[in-house]
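K.L.:
how would this look folded up:
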Amino acid sequence: MNARNDKQSEWAVVVVDVQGDFTTLKKGSLAVAGTDEAYVNKDIKTVKALKAKGLPIYATQDWHPKDHLSFYTNHPGKKPFSVIKLHGKTQVLWPPHCIQGTENAKLLVDRSLFTLVAQKGMMKDCDSYSGFYIGDSKKTVLDGALKKAGIKNLIMFGIATDYCVKSTAIDGAKLGYHVTVVEDLGSV
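P.N.:
Below you'll find the model as predicted:
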């Protein structure tokens, strides 16, 4: 039996890239300021509270091969955060991060709390910030799962609001969802 009412059943939460490599807590290679223990604990507390209210919780996970084109180490002579042209597009060269199977690629929120985890960035020759896409046009499992569940409205939060959260929110809106991005979890 589903305890959620009809309107509530159209809502879901998407937690974007809460992974060690993006946090100061885990001394991540691409740590975002303010992502210390208190931040991670607030994410965990928020996910648990929203799940307890009956909302389905989805997550995205950056999941790169070690030879990913966005890593400066795969471009001899380049430094972190250099900007180059690749395949006709502007590409920021990042420190290696969220490499498949590594400790800092793991989600910091218990996976059992998520209805589904959509991995992205798995194609070595294509960068993707959005949780809806693996590459430029190949979709992750996220959109299909949300549509199958009848989800129309997304509450979204996570790490890297200037890249991954932003791209996921924009693509979510393009795919027809009403997206609300929460930057301060104190307001959830």
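
K.L.:
how near is L185 to D136?
P.N.:
Note on L185: its distance to D136, by Cβ to Cβ, to the nearest Å, is 31 Å. The C-beta positions use only the backbone N, C-alpha and C, and glycine is treated the same way.

K.L.:
Check what pLDDT the residue lying closest to S29 once chain neighbours are set aside gets.
P.N.:
In space, and not counting its chain neighbours, S29 is closest to P95: 4.4 Å by Cβ to Cβ, 6 or more residues apart in numbering. On pLDDT, P95 comes in at 98.

K.L.:
now swap in the one 10 residues further on and tell me
P.N.:
The predicted local confidence for A105 comes out at a pLDDT of 98.

K.L.:
So it sits against I99, correct?
P.N.:
Yes - taking contacts as Cβ atoms under 8 Å, A105 lies within contact range of I99: 5.8 Å.

K.L.:
Mutual contacts of these two, please.
P.N.:
H64 (Cβ atoms under 8 Å, 6 or more residues apart in numbering).

K.L.:
For the residue nearest to S29, which residues are in contact?
P.N.:
So P95 contacts S29, L30, F71, Y72, T73, P80 (Cβ under 8 Å, 6+ apart).

K.L.:
Give me the neighbour count for the second one.
P.N.:
The one in question is L30. The tally of other residues near L30 (other Cβ atoms under 10 Å) stands at 20.

K.L.:
check contacts around it.
P.N.:
D21, F22, W94, P95, H97, C98.

K.L.:
Would you mind checking which of the residues you listed is nearest to T180?
P.N.:
Taking Cβ to Cβ as the measure, T180 lies nearest F22 of the contacts of L30, at 21.4 Å.

K.L.:
and the closest residue to that closest one other than its chain neighbours, what is it in contact with?
P.N.:
Among residues not flanking F22 along the chain, I159 sits closest, at 4.3 Å (Cβ to Cβ, 6+ apart). Residues near I159 by Cβ under 8 Å, 6+ apart: V16, D17, V18, Q19, F22, T23, V32, T35, V165.
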